[in-house]
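Enquirer: my questions concern the predicted model and sequence given below.
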Amino acid sequence: MTLRSSAIGLALLIAGAAQAEEFKWASTTDPQTMDPHAVNSAPVLGFLNNVYEGLVRRGKDMRVEPALAVSWEPIGDGDGWRFNLREGVTFHDGSEFNAQDVLFSYERASGEAADTRSWFAPVSAVNVVDDYTVDFMMTAPNPLFPSSIANWMIMDQGWAEANEAAVPDKETGNFATLNANGTGAFQVTAREPGLRTVLEPFDGWWDTAEHNISSAEFTPIQNPATAVAALLSGDVGMINPVPIQDVSRLQGSDDVEVIQGIEARVIMLGFNHEADALKYTDDAGKPNPFQDARVRQAIAQAVNVDAILATIMRGNAEAASQLVSPAMSGYSRAHADRPTYDVEAAKALLAEAGYGDGFSFGLKCPNDRYLNDEAVCQAVVSMLAQIGITAELDAMPVRNYWPELREDNYDMYLLGWSPGTFDAEHPVRFLVATPNEEKKLGSWNFGGFSNARVDELLPMIQSELDADKRQAMLDEVTGIIQDEHVYVPMYVQPLVWGTRSNVDLTQRPDNFFLLRWVTIN
Amino acid sequence: MTDATQTPQSTPKTRFAKFWDSDFAWSFRHSPVAVIASLVVVVLVLAAIFAPLIAPYNPFDPATLNLMNGFTPPGTPNAFTQETFLLGTDDQGRDVFSTILYGLRISLFVGTAAVLLAMIIGVILGLVAAYFGGWIETFIMRVADVQLTFPAILVAMLIFGIAKGVTPPEYRNEMAIYVLIIAIALSDWVQFARVVRGAALVEKNKEYVQAARLIGRGSFPIMFRHILPNVLSPVLVIATISLALAIIAEATLSFLGVGAPPTQPSLGTLIRIGQGFLFSGEWWILFFPACTLLALALSVNLLGDWLRDALNPKLR
């Protein structure tokens, strides 16, 4: 009897487990924090888009659609934007969403401690009109503002203040670093940084759920081969990314599928423009050669991007000429040519700049952030060695990498940039504009590059309504960036996800993986 | 006259003959495992020492690498450059054969240096503990016991992490190898200390030690001139086995990405790089370094086993 009843119990348990669609997925990078205002990076924002929501959100085709705001309209003649908020929305802890939360989240996300500060550079004031209406006043007409805040997520004022997390803390962390309370389709039920994060559907979500997941578990798997093995064995339902070298193998398997696209992310080399002296190797303390545009051009001409694409990327990526890919709006067709690969020209440029005998410096590189990032950096090291420059490579995980860059601990570094607005103005604002705390500009311009003309053009680009005039100004800025070789754009990173064949999902070009579009058959 | 001319020649002969006839050499000659293992070790050590002469390329000089040579299979010409490599190339276009030779150097250097350092620390602490006894012995041996409760690799990683934090970033890559040696040595000294203490505890009460004490020799001369030579044979055995373990420990640390820098790969680093290409069919990047590591560690281990048997009077 007991045996039979336990056998029935077991059978029920198995049947129950099969019905409840548990979903597991893995990626190389663990989101550093659960705080949507503390770190402005794709792994964090992409993950939290499942948990938190903004006033607007992006659909499967990247189009902006209403989320916590039902509609929005311009105020006056470019004075600002009015957002009409959705009524009856609750946070995961049950408290109600209203205009006070929007104001609070604005203050939180634009404060000095926030990494998302520069999103609000064009905002002069935020006024609560009534419980479900908020006005955003602009310093200058800003037609792109609503689509630029799709990743600005709304946090509950009462929850944040009760848990002493009213201000984001990216260094030491606070309650909001480990816990989340959004309005999104999923809520965080367990969070073990670096190990696993468990999400469960939020019953009180305002929108209709398209997914059939009963619980989802995210595991960071840093080693790409381990991730592929986990996908093949069915331990996880989805991995992002699939190592480039394994694409053809996975395509040959019936159990898994490879979903490929071109990501918006451009991988580039950055320089320390500001520092007067080199910081690393035996040449530490000597004058910084990267202040000379000829040296930067020499590096651009010494890097054989085609070879990187042919071998390390196995033909799955496209070379980049500027800070955005051709698929972005505002891409400058007038500047579509890369510097040619020419070792002799690079050597001549170095000699002209007074570095004919070469020099040595430190190259910083992440090893778990971009596809084959460390291998690309190693290849750059050997290509630079061919023009007589010795680069000492220091590759590290991203959780150490961003702090190193913020503290200016590099001579040259690798960076990937995906414009959150899908527009060419975005990287100019973050990567090229002179860093300015007050104006919230240049927050990822680690090297401190500064050009008066770029700074002058940027606000004009932001407020220009005429598409042709705007493009002309973007062309000019792109030209300056190319002539000055502010960065060395190398290639547009491919987007390669792997799924089990019974999993249906949507791959967005910003590499965000949203659980609400996942169905398991 | 004839006698006088023969003597200088016969003396070295007799010495060699003496060694050849000794129990030790006899046991060596009659153990095929020991002969083969030592042959493998000798070949690998020679290959490592003369790597710059044997290796067709210098994999540590990035200027000689051509990325287009990447992923060339062993013995077949590359699709772009038509160059052929004996054991193929890795993702950066490095010749795997040359890289193994240079990686072997790092692995052997780190292993030997770490074992020597561990031996020096362990032998001194073990002798001191046994000879002086009392609270000194209790202190040293309890520290050793506590350390034994942690896996050696964890201790090594801990030391490596601390060292990385305290060394100035500009010296980190240069220091990595030495930090690795210290980390492995500090995780390995306990073995030596315990064995030496055990053996020295027996020796210190023997008559020759008491005699030395009676004629007024100091503590340290007695420890190092009288006791040490008599406890050396177990130390030799442990040193050999530790060498194999240290080589594996270095490979493990490098495999985990905390050891040798990627631009100066040791065998462990090579295996880590190669592991990423296991599924995609570039098996040679992992296979050859792994075989080399296996051959090295296995031979050293077998030699250690044989040494233990040969030096153990009870097994004779």
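Expert: Yep, it's here.

Enquirer: quick one, phi/psi of A:Arg338?
Expert: Main-chain torsions, A:Arg338, degrees, to the nearest 10: phi -90, psi 160.

Enquirer: please apply the same query to B:Gly165.
Expert: Residue torsions, per degrees, to the nearest 10, at B:Gly165 are phi -70, psi -30.

Enquirer: who touches it in this structure?
Expert: Contacts for B:Gly165 (Cβ atoms under 8 Å, 6 or more residues apart in numbering or on different chains) come out as none. Where you see a C-beta, it was placed from the backbone N, CA and C, and this is true even at glycine.

Enquirer: show me the contacts for A:Arg453.
Expert: Remark: with contacts taken as Cβ under 8 Å, 6+ apart, A:Arg453 is in contact with A:Glu476, A:Ile480.

Enquirer: which residues of the stretch 401-521 of chain A fall in strands?
Expert: A:412-417, A:487-500, A:503-504, A:519-520 (DSSP state E, counting those that start in this stretch).

Enquirer: what about residue 73, how many residues nearby?
Expert: You didn't say which chain, so I picked chain A. When neighbours are counted by other Cβ atoms under 10 Å in any protein chain shown, A:Glu73 registers 9.

Enquirer: my question was about chain B, not that one.
Expert: Residues near B:Pro73, counting by other Cβ under 10 Å: 16.

Enquirer: would you agree it is in contact with B:Trp283?
Expert: No - using Cβ atoms under 8 Å, B:Pro73 makes no contact with B:Trp283, being 9.1 Å away.

Enquirer: still on that earlier bit, between the strands of the stretch 401-521 of chain A, which gets nearest to chain B?
Expert: Nearest of those to chain B, taken as Cβ to the nearest Cβ: strand A:487-500 at 11.3 Å.

Enquirer: which other helices and strands contact that closest one?
Expert: Applying 3 or more Cβ pairs under 8 Å, 6 or more residues apart in numbering or on different chains; DSSP states H and E, we find strand A:487-500 packed against helix A:224-233, strand A:238-240, strand A:256-271, helix A:293-302, helix A:305-310, strand A:318-319.

Enquirer: ranking these by burial, who's on top?
Expert: strand A:238-240 (a mean of 26; mean count of other Cβ atoms under 10 Å in any protein chain shown).

Enquirer: now for that one, which elements pack on it?
Expert: Using 3+ Cβ pairs under 8 Å, 6+ apart: strand A:238-240 touches strand A:22-27, helix A:224-233, strand A:487-500.

Enquirer: what residues of the first one count as buried?
Expert: When you say that, I think you mean strand A:22-27. Buried residues in strand A:22-27, defined by neighbour count with 16 or more other Cβ atoms under 10 Å in any protein chain shown: A:Phe23, A:Lys24, A:Trp25, A:Ala26, A:Ser27.

Enquirer: one more: stretch B:21-39?
Expert: B:Ser27, B:Phe28, B:Ser31, B:Ala34, B:Ala37, B:Ser38.

Enquirer: quick one: name the residues of the stretch 201-316 of chain B near chain A.
Expert: Within the stretch 201-316 of chain B, the positions near chain A by Cβ under 8 Å from any Cβ of the partner chain are B:Gly257, B:Pro261, B:Pro262, B:Thr263, B:Gln275, B:Gly276, B:Phe277, B:Leu278, B:Phe279, B:Ser280, B:Gly281, B:Glu282.

Enquirer: what do you get if the cut-off is 6 Å, keeping everything else the same?
Expert: Proximity of the stretch 201-316 of chain B to chain A, by Cβ under 6 Å from any Cβ of the partner chain, involves residues B:Thr263, B:Gln275, B:Gly276, B:Phe277, B:Leu278, B:Phe279, B:Ser280.

Enquirer: the fourth one reaches B:Ile285, doesn't it?
Expert: Yes - if you go by Cβ atoms under 6 Å, B:Phe277 and B:Ile285 touch, sitting 5.3 Å apart.

Enquirer: ok, now which ones touch residue 38?
Expert: Assuming you mean chain A. A:Asp115, A:Pro168, A:Lys170 (Cβ atoms under 6 Å, 6 or more residues apart in numbering or on different chains).

Enquirer: chain B was what I was after
Expert: Applying Cβ under 6 Å, 6+ apart, the residues contacting B:Ser38 are B:Leu303.

Enquirer: I'd like the next helix or strand past the helix or strand harbouring it.
Expert: Here B:Ser38 sits within helix B:32-49, counting by DSSP states H and E. Following helix B:32-49 in sequence order, the next helix or strand is helix B:51-54 (DSSP H and E).

Enquirer: hmm, back to that, let's see which of the residues of the stretch 201-316 of chain B next to chain A end up in helices.
Expert: Residues of those located in helices (DSSP state H): B:Gln275.

Enquirer: circling back: how distant is the helix holding B:Ser38 from the center of its chain?
Expert: 13 Å (Cα atoms, centre = their mean, to the nearest Å).

Enquirer: which strand residues bridge A:Val128?
Expert: For A:Val128, the beta-bridge partners under DSSP bridges are A:Val134.

Enquirer: how about stretch A:450-469: buried residues?
Expert: Neighbour counts over stretch A:450-469 (16+ other Cβ under 10 Å) mark A:Ser450, A:Asn451, A:Val454, A:Asp455, A:Leu457, A:Leu458, A:Pro459, A:Ile461, A:Gln462, A:Ser463, A:Glu464 as buried.

Enquirer: my bad, should have said stretch A:167-177
Expert: When burial is assessed from 16+ other Cβ under 10 Å, stretch A:167-177 yields the following buried residues: A:Val167, A:Pro168, A:Asp169, A:Lys170, A:Gly173, A:Asn174, A:Phe175, A:Ala176, A:Thr177.

Enquirer: from A:Val343, how far off is the closest residue to the fifth one other than its chain neighbours?
Expert: Excluding its sequence neighbours, the residue lying closest to A:Gly173 (Cβ to Cβ, 6 or more residues apart in numbering or on different chains) is A:Thr33, at 6.8 Å. Separation of A:Thr33 from A:Val343 (Cβ to Cβ, to the nearest Å): 43 Å.
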